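Undergrad: pasting the structure only:
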């Protein structure tokens with residue numbers, strides 16, 4: 001199987017261990033690789049875009065040499081002084097074509113993020129938002145997170161990601177046919193429940209995948225929908241002499257509802273969770289019908305989606 005060319009981004013920034021470790025593993029597997037990540041950490045920025053401000057674009061030859069495993073496989077590493085979604089838009093809508101024309105990505109991967117992106121997290125996460133942005137532009141995409149802050153050992157996360165990419169490579173066998181969406185909403189996949197129909201939703205960018213690897217992974221996967229996660233005491237009021245009253249947003253307590261076969265319970269039981277997510281709101285012309293969403297979440301005997 002020929003390794004597919006990949007666009008790699010994240011929200012933890014160009015210097016993050018998770019990004020560079022995954023990049024090195026992908027390059028070692030022979031994947032042509034274009035890295036374009038934020039210059040600084042952009043966690044929880046969601047789908048923020050930088051408007052009316054110039055964003056510095058920089059190539060990092062030192063990071064590329066640190067990642068590189070051979071001179072034959074294309075590898076370029078860039079940063080952008082913007083958000084994760086800014087990075088994806090610049091990469092897909094002309095940036096790579098002008099600065100790294102030797103790499104034309106077929107798949108976007110966002111990560112590996114440090115910390116979970118489960119349940120409601122997917123609405124705030126810069127990591128998930130970057131994958132969604134790539135999908136909105138018509139590129140198949142995947143977001144990846146190590147669902148803990150207790151350590152920064154990404155070896156299990158890389159193993160899980162590579163195994164999922166190997167499966168995705170059976171589906172992504174050519175350059176994206178819907179990149180930049182030349183036909184707009186007129187190019188709508190069929191609404192069948194068979195694997196070919198579900199794959200079409202993924203290949204056209206109307207469905208993307210979110211992978212979370214637990215703190216201690218037992219080597220298994222579960223394909224599951226989102227769970228219910230609640231953040232309590234999420235604000236803290238602070239008296240600061242310079243500014244008076246200030247507020248800090250965080251969470252004193254996080255509670256996951258005990259709902260079986262969701263991303264929260266999968267990760268809590270030591271499985272890596274794979275969650276298909278709709279790129280568009282359901283009432284958008286390209287919104288996924290409920291039947292297609294349910295079929296996309298059906299799990300095979302190996303824990304991965306049946307349509308892969």
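TA: Yes, it's here. For clarity, every value in this text was computed on a predicted model and none was experimentally measured.

Undergrad: okay, CA-based contacts and neighbour counts for the rest of this
TA: Will do.

Undergrad: okay, which residue is most central for the protein?
TA: Geometric centre of the chain, nearest residue: residue 143, 1.7 Å, by Cα atoms, centre = their mean.

Undergrad: Just grab the bridge partners of it for me.
TA: In this entry, residue 143 is beta-bridged to residue 110, residue 210, by DSSP bridges.

Undergrad: try residue 38
TA: Legend: beta-bridge partners of residue 38 under DSSP bridges are residue 80.

Undergrad: coming back round to it: I'd like to know how far the residue nearest to the centre of the chain sits from residue 122.
TA: 10 Å (Cα to Cα, to the nearest Å).

Undergrad: Quickly list what's touching both of the two.
TA: Both residue 143 and residue 122 are contacted by residue 128, under the criterion Cα atoms under 8 Å, 6 or more residues apart in numbering.

Undergrad: hang on, isn't residue 139 packed against residue 174?
TA: No. If you go by Cα atoms under 8 Å, residue 139 and residue 174 don't touch, sitting 11.2 Å apart.

Undergrad: more crowded one of these two?
TA: Using other Cα atoms under 10 Å as the criterion, residue 139 and residue 174 rank with residue 139 on top: 31 against 13.

Undergrad: ok, and the closest non-adjacent residue to residue 90?
TA: With sequence-adjacent residues excluded and distances taken as Cα to Cα, 6 or more residues apart in numbering, residue 90 is closest to residue 96, at 7.6 Å.

Undergrad: so who does that neighbour touch?
TA: If you count contacts by Cα under 8 Å, 6+ apart, then residue 96 has 34, 90, 103-104 around it.

Undergrad: Kindly report the same for residue 120.
TA: Per Cα under 8 Å, 6+ apart, neighbours of residue 120: 228-230.

Undergrad: Throw those residues into a markdown table and include pLDDT and secondary structure, thanks.
TA: Output for the contacts of residue 120, formatted as a markdown table (pLDDT from 0 to 100; DSSP: H, G, I helix; E, B strand; the rest coil):
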| residue | pLDDT | secondary structure |
| --- | --- | --- |
| 228 | 97 | coil |
| 229 | 94 | strand |
| 230 | 93 | strand |
